[in-house]
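In: whatever this is, show me its structure:
(one chain, ligands or ions: 1)
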Amino acid sequence: MPDLPRFPDGFCFGVATSSYQIEGAHDVDGRLPSIWDTFCRTPGKVVNMENGDVACDHYHRWREDIELMKKMNVGAYRFSVAWPRILPTGFESEPNAAGLDWYDRLVDALLEAGITPWATLYHWDLPQPLQDMGGWPDRRIVDHFVRFADIVSRRLGDRVGHWITHNEPWVVSMLGYMNGEHAPGHKDWGEALAAAHHVMLSHGRAVPVIRANSPGSQVGITLNLCPAYAASPSEADADASRHFDGFFNRWFLDPCYGRPYPADMVKDYQALGRVPAEGLPFLEAGDIEEMGVETDFLGINFYSRAILRSDKVDEADNAPRTIPDPTDDQKTDMGWEIAPDSLRRLLVRLDRDYPVKQIIITENGAAWATGPDDDGRVRDVRRRDYFHSHLSSCLDAIEEGAPLTGYFGWSFMDNFEWALGYGKRFGLIYVDYETQQRTLKDSALWYARVASDGVLHPSESV
Ligand code: IFM
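Out: Numbering: from 1, shown residues only. Prediction:
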């Protein structure tokens, strides 16, 4: 049998989650509502009006969950810190001790289990009162975020050595404030672009604070990126692809690396009346330099690609989309096309176009609803194949020189998929929401093999 492909020594294999998607315990230990609690209670926003009140009850079952991580041989766990547990109203002068204590215990237990904690500070659960103040479109939010980052990194910074300021600024701003699919559900381009700016600025200002509180730690940000391709060689399709790339990727990547907002996009947005002709109203002197703060890694979340045709560009319709529509076996339950080679190309492009020191895939995974068979086993063959093909693309990208040093599967377990509720199952672990029983799916058993020896075992080898 030929030698199997192997990841470089020290490559980090992990799994990822976020607070609102798994914790539950929405009113426990002083936690108050976030924008997602409000959104879920607003009719018509979330499938079946589901919510994160209980979710996977991880707030109470975290010990059991860490045992499962051990079974999966993962070296790292990426979680997020719920802002409304730490500063329930956003404005209090003293943080909520019970909230901080909970993350303290989680971190200690992870370290004891030999699992490196990776903390994300913002994964979308903004305390509702801060939204009432104006939310991300209001520049004052920057100071609030930096204060939250300061409190958390002061408390955990002696043990957490990997920090991610924000998860997916595109989603926060565009789905939250432009097309209204996510909390707080606004539909206003001006707000969305201001929100994006303040997310990035708060990242820039938080990084030095985290470094000061957590000396020697690695600090970065996670962007969700979606490679864009033109549906045909026509000039119009090429232009649609350029525009999508600017809207989704470059608008966030460029400021991350100290570059001004892409000039072609500013022009497009002016032509479309999304920003005034005089310029970007939210941009102040010095912002670009602050947003371009040096980081240790770029986190990327990768799920799919987009193929653009000039007559089918509609950003409000939640890109990505492919044209023609992929057939069922080419896509996941999210309707997202499975496109592993686009991941390789993206990694190589990032290395070529930006001064990235290190790239970490902070999320990659697929939703399929496969449940347990009569014997209790979850034979999620497609998810196993998905992970195999994407990890294989990672190896190819490394071979081509991309500085990729880690990979986190999304998600550790089935959880609350935002506006789509519990029907979309991304987990490596199956969660029975009635009983809260967890079952390692076949994909988890396979991933455990890969994580244990760094070898890309054939996907059918469980
Ligand atoms: O579940 C989400 C996660 O919260 C952020 N990245 C994409 C995932 C799948 O939609």
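In: where's the closest residue to the ligand within the stretch 1-150 of the chain relative to Thr435, distance?
Out: Nearest to the ligand in the stretch 1-150 of the chain, going by CB to the nearest ligand atom, is Ser18, at a distance of 5.1 Å. Glycine gets a C-beta too; all of them are placed from N, C-alpha and C. When CB to CB, to the nearest Å is the yardstick, Ser18 and Thr435 sit 23 Å from each other.
In: who's more crowded, the two?
Out: Ser18 (25 against 7; other CB atoms under 10 Å).
In: so what's the spatially closest residue to that one that is not a sequence neighbour up against?
Out: Spatially, and ignoring its direct neighbours in sequence, Ser18 is nearest to His123 (3.7 Å; CB to CB, 6 or more residues apart in numbering). His123 sits next to 18-21, 80, 167 when contact means CB atoms under 8 Å, 6 or more residues apart in numbering.
In: tell me the confidence at the residue in the stretch 51-200 of the chain that the ligand sits nearest to?
Out: Across the stretch 51-200 of the chain, no residue is closer to the ligand than Glu168, which sits at 5.7 Å (CB to the nearest ligand atom). Looking at Glu168, its pLDDT reads 98.
In: right, and it touches Asn301 too?
Out: Yes: with contact defined as CB atoms under 8 Å, Glu168 reaches Asn301; the gap is 6.2 Å.
In: tell me, what's touching these two both at once?
Out: Residues within reach of Glu168 and of Asn301 at once, by CB under 8 Å, 6+ apart, are 222-224.
In: make TSV out of the contacts of His123 and add secondary structure.
Out: As requested, these are exported to TSV (DSSP: H, G, I helix; E, B strand; the rest coil):
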residue	secondary structure
Ser18	coil
Ser19	helix
Tyr20	helix
Gln21	helix
Ser80	strand
Asn167	strand
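In: more neighbours: Glu168 and Asn301, which one.
Out: A count of neighbours by other CB under 10 Å puts Glu168 above the other of Glu168 and Asn301, at 25 against 21.
In: just give the closest residue to that one, not the sequence neighbours.
Out: Sequence neighbours aside, Asn224 is the residue nearest to Glu168 in space, at 4.3 Å (criterion: CB to CB, 6+ apart).
In: do the same with Leu283
Out: Sequence neighbours aside, His197 is the residue nearest to Leu283 in space, at 6.7 Å (criterion: CB to CB, 6+ apart).
In: for the ligand, what are the nearby residues on the stretch 251-400 of the chain?
Out: By the rule CB under 6 Å from any ligand atom, the part of the stretch 251-400 of the chain lying against the ligand is 301, 363.
In: quick one, grab the pLDDT at Ile323.
Out: Ile323 is given a pLDDT of 63.
In: all strands of the stretch 301-450 of the chain, in order?
Out: Assigned by DSSP state E, counting those that start in this stretch, the strands in the stretch 301-450 of the chain fall at 306-308, 359-364, 404-410, 429-432, 437-440.
In: would you format those strands as a markdown table with mean pLDDT included?
Out: Converted to a markdown table, the strands of the stretch 301-450 of the chain look like this (pLDDT from 0 to 100):
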| stretch | mean pLDDT |
| --- | --- |
| strand 306-308 | 90 |
| strand 359-364 | 99 |
| strand 404-410 | 99 |
| strand 429-432 | 99 |
| strand 437-440 | 98 |
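In: can you list these in JSON lines and add mean neighbour count?
Out: Below are these laid out as JSON lines (neighbours: other CB atoms under 10 Å):
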{"stretch": "strand 306-308", "mean neighbour count": "25"}
{"stretch": "strand 359-364", "mean neighbour count": "26"}
{"stretch": "strand 404-410", "mean neighbour count": "25"}
{"stretch": "strand 429-432", "mean neighbour count": "20"}
{"stretch": "strand 437-440", "mean neighbour count": "18"}
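In: I'd like the ones you listed as CSV, with distance to Pro127 appended.
Out: Converted to CSV, the strands of the stretch 301-450 of the chain look like this (distance: least, CB to CB, whole Å):
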stretch, distance to Pro127
strand 306-308, 33
strand 359-364, 24
strand 404-410, 25
strand 429-432, 27
strand 437-440, 30
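In: distance check, Glu434 against the ligand.
Out: Distance, Glu434 to the ligand, using CB to the nearest ligand atom, to the nearest Å: 22 Å.
In: how close does Glu191 sit to Trp136?
Out: Using CB to CB, Glu191 is found at 8 Å from Trp136.
In: which residues do those two both contact?
Out: Tyr177.
In: can I get the shared contacts of Glu168 and Asn301 in TSV including secondary structure?
Out: Formatted as TSV, the shared contacts of Glu168 and Asn301 follow (three-state DSSP):
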residue	secondary structure
Thr222	strand
Leu223	strand
Asn224	strand
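In: among those, name the buried ones.
Out: Neighbour counting with 16 or more other CB atoms under 10 Å marks 222-224 as buried within the shared contacts of Glu168 and Asn301.
In: for these, which one is nearest Ala149?
Out: Distance to Ala149 across those (CB to CB) is lowest for Thr222, with 14.5 Å.
In: my read: the closest one touches Thr120, true?
Out: Yes: counting by CB under 8 Å, Thr222 touches Thr120, with 6.9 Å between them.
In: overlap in contacts of these two?
Out: With contacts taken as CB under 8 Å, 6+ apart, the residues that reach both Thr222 and Thr120 are 164, 166-167, 362.
In: which non-adjacent residue is nearest Pro33?
Out: Here the residue nearest Pro33, using CB to CB, 6+ apart, is Gln128, at 4.7 Å.
In: quick one: neighbours of that neighbour, just the number.
Out: Residues lying near Gln128 (other CB under 10 Å) number 23.
In: contact partners for it?
Out: Taking CB under 8 Å, 6+ apart, we find Gln128 in contact with 32-35, 37-38, 84.
In: what does stretch 204-217 contact?
Out: Residues from elsewhere that reach stretch 204-217, judged by CB under 8 Å, 6+ apart: 121, 142, 145-146, 149-150, 153-154, 156-158, 160-163, 165, 219, 287, 290-295.
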